[in-house]
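Q: A predicted structure for the sequence below; I have some questions about it.
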Amino acid sequence: MTKADDRPSATQAMLASAAASTYDPEVDIDWQAPFDDDLMYLPERLVSLYGTALWRRLSDGQRRELGRHEAVSLFSWAAYLDAFLTFARLRSVAVGRLTDEAALVSLAEVSIETRNATMFARLIGKTGIAPYRLPRGSLTGLKVLSFLPLGPSAHGASLIVDEVLDAYLREAVADPTVQPHVRQALLLHGLDSAREIAYARAEVERGLASGGAISRQFHSVVLAVLANVLWRLLIDKDVYRSIGISPTWGRLRARRNRRNNLRKATEPTVAFLASAGMCGGISRPLWRLTGTGVVA
Amino acid sequence: MARSVSDRRHGLALTTEGMADVHVRTVGDRQKTAARLLKSSAERFYDAEVDIDWDAPWEPDKHWLPEHRVSLYGTPLWDKLTPEQRIELGKNEIVSIPSFGMYAEGFLSAFLLRVVGRGSLSDHSLYALTEIAEEARHSTMFARLINKTGVRPYRLPRGTMTLTKLLQFVPIGPSTYGGTLLIEEVLDRGQRETMNDPDLQPHLRQLMKIHVLEEARHITYAREELARGMAHANRFSKAFHRGVLASIANGVFPVLVNPRVYRSVGIHPVRGFIAAFRSPNYQVNMQFLGDPMIRYFYEVGMLEGAITKRLWRATRSLPDDIAEAVFATTV
């Protein structure tokens, strides 16, 4: 355990921002306003089939419908995983000093993660589409993960969820063809994430610096496995059923777009992790397997 | 609206305003309850950062816990303590209880996350998320209080964490919701009395008022789920959940106050723990703290079964009339 005053300023920033009045998705998003039937739920370019031969055969309505389902799939991913991330935060309160600054930051993060999960859940509810659930066994996986030691991989998990989601959907915020509710939600998520990401990055670096070579290898592998699993779940293959295409066929046709979009979205995160030393050793082939362009 | 009943023994009022008023016959639709609780959460909440005057100093002549609720009260050890030591012990106990509360709230939140993880992000899930956020705020408030006392938090031994991780594998059902009530209702009951004590530190009274207001929703949520779970469970499942809950009660009640608090007044933890546990006042306190919750457990059928009954009797928290009713029926 490090003393409070040894911690980087990211801690202070987190505490200060948690204390200051932050935004409230309940009032900062106009939930009463209906969706506009002419607007998209995702920017067209981000819909997984965009630009393919299949895409050209789809009507405008089908394109919008597929985008709607892919948006719900992305928001479901974010809502469930934001909720799951609080597991690690609660654990760090319990195994730490309970009332020190680090614990207060973890508790502040719990509030932020649950607020974001709630916001995405509301957004999904408003579309009228059932959420795309994580695969069976995810919860059991989470319970098993809770037996692994906390450390850089737990903070890294925040990055591979929140930072990646943010990067993946950033262009939607300013896109006038996208529903205003979606744009506003993503804007709010970005504001919260910025502080969290800075804190998580600082904690990853601090954790790596204070652990030995074995600890570094261990956390690198855990995080690389998580990245492989979680990034594959980003868009559920069942979304293609909404426009009458089989999941396997849809996924096959969309593979190039998905790879490019993912590569672009994960680039800053993996670049940071690589520079911090979390992509080397045994974890290197695992990172390569994620399809990111950074680790060669 | 605000009703208070007087505690005859000590003359402290017991606030019943806003208490969760759930009975088996009033349990309604899960999503409707969740929608109602969500609305209430958005309308009625506190911000402990501003609603408690953290900059104000402690008042020198106020105490931390009503004397008759201090664990050693009425024991021979108590008689040997000086007035200052009695206050010091009360202070350490008031640090110990929210320390335990923070672990309990974290554990409860982890359980609520499981509810979210396996749910469909409906209002029921959204309320679980809201409750997690409120618990995190309460934990923050407890942490600030503990830090302000200058007493170090009473941390649980590491092994407890492993136990709580294993408990994550207990299926969600009446015992898990009942387990959350064990903590929430017991703290709620104690706070409803203590917050009316004019001799108590004002920060503490305010903290308790905030906690009581928000916990009432959590209690409603858990009570209704408990009743729904029991209504749908088969007899084996019921027996399992009853046994688990009664066992948790036996494990949790004696350690609500961490035995290490006795060190603050120069008493060995084991000696203090035994004195407190064997004190007639232990039963008085447990009966008082458990009263509304145990009546509800009785109502939903959580106190049936030969083993369960005996486990509950061992907690010494059963109200006299409930104990009589439970043991009157043939096993």
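A: It's in. Every value quoted in this text rests on a predicted model; they were computed, and no experiment measured them. Numbering: from 1, shown residues only, chains lettered A, B, ... in the order given.

Q: what residue ranges in the stretch 51-200 of chain B are flagged as low confidence?
A: Applying pLDDT under 70 to the stretch 51-200 of chain B flags no residue at all.

Q: near chain A, which residues of it?
A: Within the stretch 51-200 of chain B, the positions near chain A by Cβ under 8 Å from any Cβ of the partner chain are B:99, B:102-103, B:106, B:109-110, B:113-114, B:116-118, B:120-122, B:125-126, B:129-130, B:132-133, B:136-137, B:139-140, B:142-144, B:146-147, B:153, B:155-156, B:158, B:161, B:164-165, B:168-169. Every C-beta, even on glycine, is put in place using the N, C-alpha and C of the backbone.

Q: which of those count as buried?
A: Among those, those classed as buried by 16 or more other Cβ atoms under 10 Å in any protein chain shown are B:99, B:102-103, B:106, B:109-110, B:113-114, B:116-117, B:121-122, B:125-126, B:129-130, B:132-133, B:136-137, B:139-140, B:142-144, B:146-147, B:153, B:155-156, B:161, B:164-165, B:168.

Q: Which of those residues fall within helices?
A: For those, the ones inside helices are B:99, B:102-103, B:106, B:109-110, B:113-114, B:116-117, B:125-126, B:129-130, B:132-133, B:136-137, B:139-140, B:142-144, B:146-147, B:161, B:164-165, with DSSP state H as the criterion.

Q: how many neighbours does A:D38 have?
A: By other Cβ atoms under 10 Å in any protein chain shown, the residues close to A:D38 number 9.

Q: I should have written A:A167 there, sorry.
A: Residues near A:A167, counting by other Cβ under 10 Å: 19.

Q: same thing with B:H23?
A: Neighbour count of B:H23, defined by other Cβ under 10 Å: 12.

Q: same check, this time on A:G96
A: Neighbour count for A:G96, taken as other Cβ under 10 Å: 15.

Q: didn't it look like it was pressed against A:L107?
A: No. Using Cβ atoms under 8 Å, A:G96 is not in contact with A:L107, being 11.0 Å away.

Q: neighbouring contacts of the one helix or strand A:K264 maps to?
A: Counting by DSSP states H and E, the element that carries A:K264 is helix A:255-276. Contact with helix A:255-276 is made by A:46, A:48-52, A:152, A:156, A:159-160, A:163-165, A:167-168, A:201, A:204-205, A:208, A:223, A:227, A:231, A:234-235, A:251, A:279-280, A:287, A:290-295, as judged by Cβ atoms under 8 Å, 6 or more residues apart in numbering or on different chains.

Q: would you put the C-alpha positions of that helix in CSV?
A: Extracted C-alpha coordinates of helix A:255-276, given in CSV (Å, rounded to 0.1, in the frame of the first residue of the first chain):
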residue,chain,number,x,y,z
ARG,A,255,-15.4,-8.8,-41.0
ARG,A,256,-13.3,-6.2,-42.8
ASN,A,257,-15.2,-3.2,-41.4
ARG,A,258,-15.3,-4.7,-37.9
ARG,A,259,-11.5,-5.3,-38.0
ASN,A,260,-10.8,-1.7,-39.2
ASN,A,261,-13.2,-0.1,-36.8
LEU,A,262,-11.9,-2.0,-33.9
ARG,A,263,-8.3,-1.4,-34.8
LYS,A,264,-8.9,2.3,-35.0
ALA,A,265,-10.8,2.4,-31.7
THR,A,266,-8.3,0.3,-29.7
GLU,A,267,-5.2,2.0,-31.1
PRO,A,268,-4.7,4.7,-28.4
THR,A,269,-5.4,2.2,-25.6
VAL,A,270,-3.1,-0.5,-26.9
ALA,A,271,-0.4,2.1,-27.7
PHE,A,272,-0.6,3.2,-24.1
LEU,A,273,-0.5,-0.3,-22.7
ALA,A,274,2.4,-1.2,-24.9
SER,A,275,4.4,1.8,-23.8
ALA,A,276,3.6,0.9,-20.2
